[in-house]
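Student: compute the structure for the input listed below.
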Amino acid sequence: MKRIIPIIVTIVIMCSLLIGSVCAEPDLTLKFKDVKDADWFAEAVGRLNALEIIDGLPGGIFGPKAEVTRAQFVKMLVQAMGYQKIDSISFDDIKPLSTRKAHWASVYIETALRNGVIVKAETGNNFYPETPITRKDMAMMMYRALELQPSKGENPFADITEANEAFTRLYEEYLIRGTLEGGKRIFRPEGLSTRAEAAVVIARMLEYKANPAEFKQKEDLNEKLRNSTYTEEDLELKAKLELAKQAEDKEYIPEPIIKVEYNPDEYAYATATLINADDYGSDVTFENVCINYPALNMWARANLYGKYVEVDMTRPFTPKEAEASFLAVPKRNAKLANSDIVYYNYDFPVGKKLNYKTTISRGKVSKQIYLVLTIQ
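Tutor: Alright, predicted model coming up:
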């Protein structure tokens, strides 16, 4: 049976080239040696770095897999909120001593304290700046920074036994969602987070802060589309939102709505089609590149005359072509061996993730999206 999953692809605006201007696509691999464009956190890291919210670690790395410390997260949050810095020290373990300087994050920690993001009664006289921050503390700092109000709704998380009006509010605002395991929603409040996860949290907080209603509407719609629980009204709403953006910005390129079908018994592992092709003019082109498995960028086969031919799958294609076939992951390919055409299977294991980068272009305006297909 086919599994059909309509999704709104996460947009990563890498560059908009306007007439008469020059703009180089930001290359995160040049800024941080350990961040690649295909990484799921790359857009958030790039955005926060451009806004001077994060600046990486010594040696030109970001350290995405490293645990984020309490001091590191507080600095990200304070920078994102744009608080006026307060140069004072209220915690004993960040004060200067005869054998040490004041902690590097003391200004950010004090600023967070004075703005109610940190509650001194919870930690006492010490802040423990180099201790990895728990998911619970990270969520509570975000809750206080955004000045959210307690919720009277039902607690959605099965692993939080006590009533927690703050976590419920964060869930309702689409700021934390947890994961579904065995039909239950899990948050793991005492779990730790990586620097990559923290960057994504801060990026979402920034987006929410700018326009809470719009953020919630977008996240609600995206979740319905990801879970295949959308209605025709949801698709109509998405179309209206896209039209409104285009009316505000003539250079705006609409977000693609892509339907992915998993076909375990057919010629391809997965195929994808563009649902909203009519949102694009005839002057728009798409180009797909598989980043982590380049062999998929070139298909080979025998033609009607038995000759070996190769097809460049990264070539530009139109919205109408995308409506019929946006992307396909074949189960087999061909190669020449001693002048013979030999077919071979990819045999991707279940769970294998294939990362695609799509460039959407209209004249001198372009942007890039990333689509991850998981073999099922």
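Student: which other helices and strands contact the helix or strand containing E323?
Tutor: Assessed by DSSP states H and E, E323 sits inside helix 319-324. Packing partners of helix 319-324 (3 or more CB pairs under 8 Å, 6 or more residues apart in numbering; DSSP states H and E): strand 268-274, strand 284-290. The C-beta positions use only the backbone N, C-alpha and C, and glycine is treated the same way.
Student: tell me which helix or strand in this structure has the weakest average pLDDT.
Tutor: Across the helices and strands of the chain, the lowest-confidence element by mean pLDDT, DSSP states H and E is strand 11-12, at a mean of 34.
Student: buried ones in stretch 213-232, by neighbour count?
Tutor: 215, 218-219, 221-222, 224-225, 230 (16 or more other CB atoms under 10 Å).
Student: what strands flank whatever helix or strand comes next after the helix holding E323, and is each parallel or antiparallel?
Tutor: Sequence order places strand 327-330 as the next helix or strand after helix 319-324, per DSSP H and E. Applying DSSP bridges to the sheet, strand 327-330 is found paired with strand 268-274 (antiparallel).
Student: please save the CA atoms from the strand it pairs with in CSV.
Tutor: This file holds the C-alpha atoms of strand 268-274, laid out as CSV (Å, rounded to 0.1, in the frame of the first residue of the first chain):
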residue,chain,number,x,y,z
ALA,A,268,10.9,3.7,-6.9
TYR,A,269,11.3,3.9,-3.2
ALA,A,270,9.6,7.2,-3.2
THR,A,271,8.1,9.7,-5.6
ALA,A,272,7.1,13.3,-5.1
THR,A,273,4.9,15.7,-6.9
LEU,A,274,4.2,19.5,-6.5
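Student: that strand - what's its average pLDDT?
Tutor: In this model, strand 268-274 has an average pLDDT of 89.
Student: same deal with stretch 37-45?
Tutor: Mean pLDDT, stretch 37-45: 82.
Student: how about the strands in the chain?
Tutor: Ranges of strands within the chain are 3-8, 11-12, 179-181, 184-186, 257-262, 268-274, 284-290, 298-302, 308-312, 327-330, 332-337, 340-345, 353-362, 365-374, based on DSSP state E.
Student: on the pLDDT front, check L146 for me.
Tutor: On pLDDT, L146 comes in at 97.
Student: do the one 4 residues further on as well
Tutor: Predicted confidence (pLDDT) at P150: the value is 94.
Student: residue contacts, it?
Tutor: By CB atoms under 8 Å, 6 or more residues apart in numbering, the contact set of P150 is 165-166, 169.
Student: give me the pLDDT for R135.
Tutor: 94.
Student: find the nearest non-adjacent residue to it, please.
Tutor: Spatially, and ignoring its direct neighbours in sequence, R135 is nearest to G191 (5.0 Å; CB to CB, 6 or more residues apart in numbering).
Student: and that neighbour, how far is that from I133?
Tutor: 10 Å (CB to CB, to the nearest Å).
Student: for F317, same thing?
Tutor: Using CB to CB, we find F317 at a distance of 45 Å from I133.
Student: have a look at these two and say which one is more surrounded.
Tutor: Per other CB atoms under 10 Å, whichever of F317 and I133 has more neighbours is I133, with 21 against 17.
Student: if we can go back for a sec, just send the helices and strands packed on helix 319-324 back as a markdown table, with mean neighbour count and distance to V45 too.
Tutor: Shown next, in a markdown table, are those (neighbours: other CB atoms under 10 Å; distance: least, CB to CB, whole Å):
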| stretch | mean neighbour count | distance to V45 |
| --- | --- | --- |
| strand 268-274 | 21 | 26 |
| strand 284-290 | 19 | 21 |
